[in-house]
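Any chance you can model this:
(one chain, ligands or ions: 1)
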Amino acid sequence: MTEKLPFLPFALPDIGEEEIAEVVDTLRSGWVTTGPKTKRFEEDFTAFLGDPSLQSLAVNSATAGLHLALEALGIGPGDEVITTTHTFTATAEVVRYLGADVVLVDIDPATLCIDPAAVEAAITPRTKAILPVHYGGLAADMPALLAIAKKHGLKVVEDAAHALPTTCGGKLIGTLDSDVTVFSFYANKTITTGEGGMVVTRHAELANRMKVMRLHGMSRDAFDRFTAKVPSWYYEIVAPGFKYNLTDIASALGLQQLKKAWAFQKARQRVAERYDEVLAGLPLMLPRHAAAGEVHSWHLYAVRLAPDARATRNEVIEALFAGGIGCSVHYIPLHLQPYWRDRYGLTPQMFPRSQVTFERLISLPMYSRMTLADVDRVVRALERALVRAGV
Ligand SMILES: *Cc1c(COP(=O)(O)O)cnc(C)c1O
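Reported below is the predicted structural model:
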């Protein structure tokens with residue numbers, strides 16, 4: 001008789017007593033919205049990235065951060081932003097907030113990140129920016145993308161929602177030569193504040209604009225022209241801004257999560273290595289690792305069914321759930337989503353690599369507190385699913 005095991009989730013936040021104590025301290029302090037802890041979280045984030053020329057701005061989601069970044073870059077109606085079809089809708093929707101157009105392109109099937117050649121082929125006189133995603137925590141081909149941007153005079157905003165910590169050319173994502181990089185602290189990301197994000201840039205004008213737009217378009221700088229001393233009550237509204245600030249309650253979580261970011265990465269890497277080992281014999285394509293000396297954050301461990309697998313992706317997912325194991329699909333590509341498909345007249349034939357990937361793709365459970373026994377349990381269920389399907 002096998003004992004019924006508890007449900008094994010697809011993702012789980014790793015919250016310890018340190019986070020709980022820091023949140024309680026915030027609650028007792030009387031300062032619950034943006035204040036001293038958020039300021040410290042921003043400073044610690046810049047220190048984590050290790051480049052004091054960067055400014056880190058905390059926001060209440062990565063979506064908000066991407067919106068602020070594109071707004072600060074002046075993206076608007078008539079402009080085009082190129083991004084990958086193989087992403088979450090947040091990456092692209094922010095372009096539409098500003099009335100600009102999204103140009104979706106296909107992926108490199110080896111990395112599932114945006115294909116630089118497809119980016120270059122999609123450039124028109126209206127193109128203003130490239131928005132790469134570091135899929136699953138593996139860096140996109142940033143040297144190629146930055147070279148294309150430079151050649152064509154385009155801006156680069158990195159959707160780094162999966163990429164803490166991830167390196168490219170030995171440098172942490174966030175410290176490259178793009179204009180703005182945006183991280184997410186959503187519940188299932190590599191560190192979490194429940195909801196939250198961080199925007200990173202080394203351009204002072206962009207940082208200033210994003211700071212103003214993050215909180216209602218309020219500026220205290222305007223006063224500086226008249227006197228060095230700004231009264232504490234004084235502000236000016238210089239634009240119809242947004243409400244995108246992060247609370248100190250969330251930042252309290254972030255302060256303690258950030259201290260563990262490298263330990264989390266190591267734990268996730270151990271899970272990935274175990275998966276690699278025990279999945280080796282199954283009809284699966286395993287995810288690409290980072291090159292030697294580079295860091296993969298292992299936000300996702302996404303496998304693809306091999307062409308000779310007898311089961312379909314849906315059958316395997318159903319069997320996993322029946323076995324008490326959570327899993328997911330990252331992503332249903334944007335070209336299949338009604339809004340994007342209909343707005344731009346997209347078909348699967350336009351994105352053959354993302355389409356084939358999607359049809360075979362499964363994200364297996366991946367989180368820092370997963371044990372090797374949990375991994376083995378997933379693998380046994382996967383084996384059964386593939387065998388039961390008639391191998
Ligand atoms: C999670 C995610 C986002 C959005 O992050 P939020 O903090 O939830 O706004 C954007 N892009 C990608 C690729 C994501 O996975």
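
Would you list the phi and psi of residue 301?
Main-chain torsions, residue 301, degrees, to the nearest 10: phi -120, psi 90.

residues contacting the closest residue to it other than its chain neighbours?
For residue 301, ignoring the flanking residues on the chain, the nearest one in space by C-beta to C-beta, 6 or more residues apart in numbering is residue 366 at 4.4 Å. All C-beta atoms are positioned from the backbone trio N, CA, C, and that covers glycine. Contact partners of residue 366, counting by C-beta atoms under 8 Å, 6 or more residues apart in numbering, are 10-11, 268, 271-272, 298-301.

now the residues you listed as CSV including secondary structure, distance to residue 121 and neighbour count?
Formatted as CSV, those follow (DSSP: H, G, I helix; E, B strand; the rest coil; distance: C-beta to C-beta, whole Å; neighbours: other C-beta atoms under 10 Å):
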residue, secondary structure, distance to residue 121, neighbour count
10, coil, 35, 17
11, coil, 35, 18
268, helix, 34, 23
271, helix, 37, 23
272, helix, 33, 22
298, coil, 31, 29
299, coil, 28, 27
300, coil, 27, 23
301, strand, 31, 24
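
which one among the residues you listed gets closest to residue 208?
Proximity of these to residue 208 (C-beta to C-beta) peaks at residue 299, which lies at 30.6 Å.

Can you give me the buried ones in stretch 136-153?
Residues of stretch 136-153 classed as buried by neighbour count (16 or more other C-beta atoms under 10 Å): 136-142, 144-146, 148-149.

Now render the residues you listed as TSV, adding secondary structure, distance to the ligand and pLDDT.
Compiled in TSV, the buried residues of stretch 136-153 are given as follows (DSSP: H, G, I helix; E, B strand; the rest coil; distance: C-beta to the nearest ligand atom, whole Å; pLDDT from 0 to 100):
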residue	secondary structure	distance to the ligand	pLDDT
136	helix	9	98
137	helix	10	98
138	coil	12	98
139	coil	13	98
140	coil	11	98
141	coil	17	98
142	helix	16	98
144	helix	20	98
145	helix	16	98
146	helix	19	98
148	helix	20	98
149	helix	19	98
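
after the strand or helix carrying residue 44 comes which helix or strand?
In this structure, residue 44 sits in helix 36-49 according to DSSP states H and E. The helix or strand immediately downstream of helix 36-49 is strand 55-59, counting by DSSP H and E.

could you check whether that following strand is close to the ligand?
No: using C-beta under 6 Å from any ligand atom, strand 55-59 stays clear of the ligand, with a minimum separation of 8.5 Å.

name the helices or strands packed onto that strand?
Under the contact criterion of 3 or more C-beta pairs under 8 Å, 6 or more residues apart in numbering; DSSP states H and E, strand 55-59 touches helix 36-49, helix 62-72, strand 197-201, helix 204-214.

Run the chain-centre distance for the second one.
Once both centres are worked out by C-alpha atoms, centre = their mean, to the nearest Å, helix 62-72 turns out to sit 13 Å from its chain's centre.

The ligand contacts on the stretch 151-300 of the chain?
Counting by C-beta under 6 Å from any ligand atom, the stretch 151-300 of the chain comes close to the ligand at 159, 161-162, 184, 186, 197.

ranges for the strands of the protein?
For the chain, applying DSSP state E gives strands covering 55-59, 80-84, 101-105, 127-131, 155-159, 167-168, 171-172, 180-184, 197-201, 218-219, 236-237, 284-285, 301-305, 361-364.

any chance of the ones you listed in TSV, with distance to residue 334 too?
Output for the strands of the chain, formatted as TSV (distance: least, C-beta to C-beta, whole Å):
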stretch	distance to residue 334
strand 55-59	23
strand 80-84	8
strand 101-105	6
strand 127-131	12
strand 155-159	13
strand 167-168	24
strand 171-172	28
strand 180-184	17
strand 197-201	20
strand 218-219	34
strand 236-237	35
strand 284-285	22
strand 301-305	17
strand 361-364	14
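
Output these as JSON lines; include the columns mean pLDDT and distance to residue 258.
As requested, those are arranged in JSON lines below (pLDDT from 0 to 100; distance: least, C-beta to C-beta, whole Å):
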{"stretch": "strand 55-59", "mean pLDDT": "98", "distance to residue 258": "11"}
{"stretch": "strand 80-84", "mean pLDDT": "99", "distance to residue 258": "27"}
{"stretch": "strand 101-105", "mean pLDDT": "98", "distance to residue 258": "32"}
{"stretch": "strand 127-131", "mean pLDDT": "98", "distance to residue 258": "25"}
{"stretch": "strand 155-159", "mean pLDDT": "99", "distance to residue 258": "19"}
{"stretch": "strand 167-168", "mean pLDDT": "98", "distance to residue 258": "17"}
{"stretch": "strand 171-172", "mean pLDDT": "98", "distance to residue 258": "13"}
{"stretch": "strand 180-184", "mean pLDDT": "99", "distance to residue 258": "10"}
{"stretch": "strand 197-201", "mean pLDDT": "98", "distance to residue 258": "9"}
{"stretch": "strand 218-219", "mean pLDDT": "94", "distance to residue 258": "27"}
{"stretch": "strand 236-237", "mean pLDDT": "95", "distance to residue 258": "33"}
{"stretch": "strand 284-285", "mean pLDDT": "96", "distance to residue 258": "33"}
{"stretch": "strand 301-305", "mean pLDDT": "98", "distance to residue 258": "23"}
{"stretch": "strand 361-364", "mean pLDDT": "98", "distance to residue 258": "24"}
